[in-house]
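J.: coordinates for the following, if possible.
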Amino acid sequence: MTDDSTSVLLIYTGGTIGMIQNPETGALESFNFDHLLNFVPELKRFNYHISTYSFEPPIDSSDMEPYHWARLVRIVESNYDRYDGFVILHGTDTMAYTASAMSFMLENLSKPVILTGSQLPMGMLRTDGKENLITAIEIAAAKNPDGTAMVPEVCIYFESDLMRGNRTTKINAEKFNAFKSYNYPCLGHSGIDIKIKPERVRRPLPGKPLKAHYLFDTNVVVLTLFPGIQECLISSVFHIEGLKAVVMKTFGSGNAPQKPWFIRLIKEASERGIVIVNITQCQSGSVEMERYETGRQLLEAGVISGYDSTPECALTKLMFLLGHNLPPDQVRRLMNTSLAGEITKE
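T.: Residues are numbered from 1 along each chain as shown. You can find the predicted model right below:
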């Protein structure tokens, strides 16, 4: 059942969902967003007021930059009072980065911002895009009996699962279930009915308005440890000009080599003000730096725990905090604080 007083803004950035196959080359190419609506006549059966906004030209998600995140937030902020929810059509490759970034940029969000896309273009017979789009719109429009939004979060909806955006990562390049939230349960599922788990949904602070943020600093790097990693490699990373933070992907529950040169380089970088965040290379689980001696050495050298953060979330959160010119100690403190439900601290 739909409500003709409910309005949703559909924002198309690009991606597979808005592509069509070139009959001559077989390549996938972007096409006019108006054509996308022709492939989903079911949208006309909604009683919602659905408006559309399209990036011109559409961009491939591999070209997504903080500039585009700011553009999306500006669209949401400028239309915030006119719509009950927002659906963003986005390429899958960097969708988890965009969802993570927007979860921090839209502070005290009280309306749904649902990102979705597809693995097959909308024009293909077996496309997953149609169901993803229709259900994302329904979720964006869903309200509680008191009129408040049912899911006032930045989320990703994909293949029957509604996930908190900053908990989500892309796990599959071929199957329709392209995304997974390993360390936090899904906020809802769709089957015959759409079932939201209200106890898992974050709520905004009552009486507080939306506060949009736009600043980012991209002087960050992801460093993945591996057996046999060389001192010169670690040293060159920590001496990158302008570097402010490192997301360090360690083994297991946050372990790293105990070589003296490694600990020394870590300690020197931390003392220079470089923020080093420890996350696990494992798909699920959390960093527990006090568990083993190797983790404790990192802690003593100035490394902070990223807990159960995804790589996409840890990276975008650092960019976000650094963009506000916060001192290293404050960045470290806030990285250990859940700002938008992005980490679980036991």
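
J.: pLDDT below threshold where in the chain?
T.: 1-4, 20-23, 26, 28-39, 122-125, 346 (pLDDT under 70).

J.: let me see the domain layout of it.
T.: Domain assignment for the chain by automatic domain parsing gives 7-212, 220-335.

J.: just the helices from the stretch 51-200 of the chain, written as ranges.
T.: For the stretch 51-200 of the chain, the helices defined by DSSP state H, counting those that start in this stretch cover 66-78, 95-105, 129-141.

J.: can I get those in TSV with mean neighbour count and distance to I17?
T.: C-beta: built from backbone N, CA, C; applies to glycine. Below are the helices of the stretch 51-200 of the chain laid out as TSV (neighbours: other C-beta atoms under 10 Å; distance: least, C-beta to C-beta, whole Å):
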stretch	mean neighbour count	distance to I17
helix 66-78	18	16
helix 95-105	28	11
helix 129-141	23	4
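
J.: any chance of those helices in TSV, with distance to T13 too?
T.: Below are those laid out as TSV (distance: least, C-beta to C-beta, whole Å):
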stretch	distance to T13
helix 66-78	7
helix 95-105	8
helix 129-141	13
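
J.: nearest to E342, of the domains of the chain?
T.: E342 lies closest, by C-beta to C-beta, to one member of the domains of the chain: domain 7-212, at 4.2 Å.

J.: all helices of the stretch 201-346 of the chain, in order?
T.: With DSSP H, counting those that start in this stretch, the ranges of helices along the stretch 201-346 of the chain come out as 231-238, 260-271, 293-300, 311-323, 328-335.

J.: quick check: chain neighbours aside, which residue is closest to G191?
T.: S160 (6.8 Å; C-beta to C-beta, 6 or more residues apart in numbering).

J.: measure the one you found to I276 for me?
T.: Distance of S160 to I276, computed by C-beta to C-beta, to the nearest Å: 38 Å.

J.: among these two, which residue is more densely surrounded?
T.: Neighbour totals were compared for S160 and I276, and I276 leads with 21 against 16 (other C-beta atoms under 10 Å).

J.: identify the bridge partners of the more buried one.
T.: For I276, the beta-bridge partners under DSSP bridges are V246.

J.: tell me the contacts of it?
T.: 245-246, 248, 266, 269-270, 302-304 (C-beta atoms under 8 Å, 6 or more residues apart in numbering).

J.: so which of those residues wins on neighbours?
T.: Using other C-beta under 10 Å as the neighbour criterion, V303 leads the contacts of I276 with 27 neighbours.

J.: what number of residues lie near the closest residue to D217 other than its chain neighbours?
T.: The shortest distance from D217 to any non-neighbouring residue, by C-beta to C-beta, 6+ apart, is to L322 (3.7 Å). L322: 20 surrounding residues under other C-beta under 10 Å.

J.: L322 is in contact with V246, isn't it?
T.: No - using C-beta atoms under 8 Å, L322 makes no contact with V246, being 11.7 Å away.

J.: give the residues shared as contacts by those two.
T.: Common neighbours of L322 and V246 (C-beta under 8 Å, 6+ apart) are 220, 275.

J.: got CSV for the domains of the chain, with distance to G341 too?
T.: Output for the domains of the chain, formatted as CSV (distance: least, C-beta to C-beta, whole Å):
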stretch, distance to G341
domain 7-212, 5
domain 220-335, 10
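
J.: quick revisit: quick one: closest of the helices of the stretch 51-200 of the chain to I194.
T.: Once the helices of the stretch 51-200 of the chain are compared by C-beta to C-beta, helix 129-141 is nearest, at 6.1 Å.

J.: which strands and helices sit next to the closest one?
T.: The contact analysis (3 or more C-beta pairs under 8 Å, 6 or more residues apart in numbering; DSSP states H and E) places helix 129-141 against strand 7-12, strand 85-89, strand 113-116, strand 154-158, strand 194-196.

J.: for stretch 298-306, measure first residue to last.
T.: Chord length of stretch 298-306, first to last residue, is 12 Å (C-alpha to C-alpha, to the nearest Å).

J.: so what's the residue nearest to G191 up against?
T.: By C-beta under 8 Å, 6+ apart, the neighbours of S160 are 177, 189-191.

J.: now, which of those sits nearest L205?
T.: For these, the nearest to L205 is H189 (27.6 Å; C-beta to C-beta).

J.: hmm, that closest one is touching L162, no?
T.: Yes - if you go by C-beta under 8 Å, H189 and L162 touch, sitting 7.0 Å apart.

J.: thank you, goodbye.
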